[in-house]
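**Q** Pasting a predicted model and its sequence here:
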Amino acid sequence: NAGVTQTPKFQVLKTGQSMTLQCAQDMNHEYMSWYRQDPGMGLRLIHYSVGAGITDQGEVPNGYNVSRSTTEDFPLRLLSAAPSQTSVYFCASSYRRGREAFFGQGTRLTVV
Amino acid sequence: AQKVTQAQTEISVVEKEDVTLDCVYETRDTTYYLFWYKQPPSGELVFLIRRNSFDEQNEISGRYSWNFQKSTSSFNFTITASQVVDSAVYFCALRDAGGTSYGKLTFGQGTILTVHP
């Protein structure tokens, strides 16, 4: 039982490049979400999903895209990387709305 | 809209001192869930506790205790006899149960706790 797995752990991108952060969970959780963590700002919600085929925007969705074709996977796409997207990204999943979220190990992304 | 405020940005204590981390929240829902997470220097997020809005019973787990008061919209976290290993960033978070915001977990800004030997 691996829990929530994020890849890669570290990534450096050039401005304008695109990439996909991968997130997979093996707990059959309905809810999955992506957060970014910036100093002094806590964790801010980018996008979330309440089930396969259902996604919605969070607090800071601009510049990011998501899809949820399976229960297990919830990739986050950066369409055209900008230095403002330099951050630590966390993927999380939870069984249902009232339960605690389990987090992946995080991806440290630097955009130069 | 949901909001979580952790007014203490940084706290520094000496080992064995007690320390309380404050958390104040805002929500329009009558049913909601509150959480505390710990983020040690290694960076992962560790779940500590979950509390339902309809359960105001305080909880103690070893050196950790939580005081939930709906009247003041607060969910404070106390570490008794702090240890160096408690040094971490602590986050308070809120999740509404219904409406259009279900599934969203809103975090406070975090409190950096440093425990000195």
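**A** Arrived safely.

**Q** List the residues that contact residue A:17.
**A** Contacts for residue A:17 were tallied using Cβ atoms under 8 Å, 6 or more residues apart in numbering or on different chains; they are A:78, A:80, A:81. All C-beta atoms are positioned from the backbone trio N, CA, C, and that covers glycine.

**Q** Spell out which residues belonging to chain B are near chain A, please.
**A** By Cβ under 8 Å from any Cβ of the partner chain, the part of chain B that sits against chain A consists of B:4, B:6, B:9, B:33, B:35, B:43-45, B:47, B:50, B:52, B:91, B:95-97, B:102-110.

**Q** Can you flag which of the residues you listed belong to strands?
**A** Those of the residues of chain B next to chain A mapping onto strands are B:4, B:33, B:35, B:47, B:50, B:52, B:91, B:95, B:96, B:105, B:106, B:107, per DSSP state E.

**Q** Was I right to think the second one contacts residue B:106?
**A** No. With the criterion set as Cβ atoms under 8 Å, residue B:33 and residue B:106 do not qualify as a contacting pair; they are 10.9 Å apart.

**Q** which residues are in contact with both of these two?
**A** Common neighbours of residue B:33 and residue B:106 (Cβ under 8 Å, 6+ apart) are B:94, B:95.

**Q** Comparing those two, which residue is more hemmed in?
**A** residue B:106 (24 against 20; other Cβ atoms under 10 Å in any protein chain shown).

**Q** what pairs with residue 36 across the strands?
**A** Looking at chain A here, since you left the chain open. The partner list for residue A:36 in beta bridges (DSSP bridges) reads residue A:44, residue A:89.

**Q** hmm, I had chain B in mind actually
**A** residue B:49, residue B:92.

**Q** which ones are touching it?
**A** B:23, B:48, B:49, B:66, B:75, B:77, B:90, B:91, B:92, B:93.

**Q** Need phi/psi at the closest residue to residue B:44 other than its chain neighbours.
**A** For residue B:44, ignoring the flanking residues on the chain, the nearest one in space by Cβ to Cβ, 6 or more residues apart in numbering or on different chains is residue A:105 at 5.7 Å. Backbone torsions for residue A:105, taken as degrees, to the nearest 10, come to phi -80, psi -10.

**Q** check contacts around residue A:105.
**A** So residue A:105 contacts A:6, A:9, B:43, B:44 (Cβ under 8 Å, 6+ apart).

**Q** What of residue A:44?
**A** Contacts of residue A:44 were listed using Cβ under 8 Å, 6+ apart, and they are A:35, A:36, A:37, A:38, A:58, A:59, A:60, B:107.
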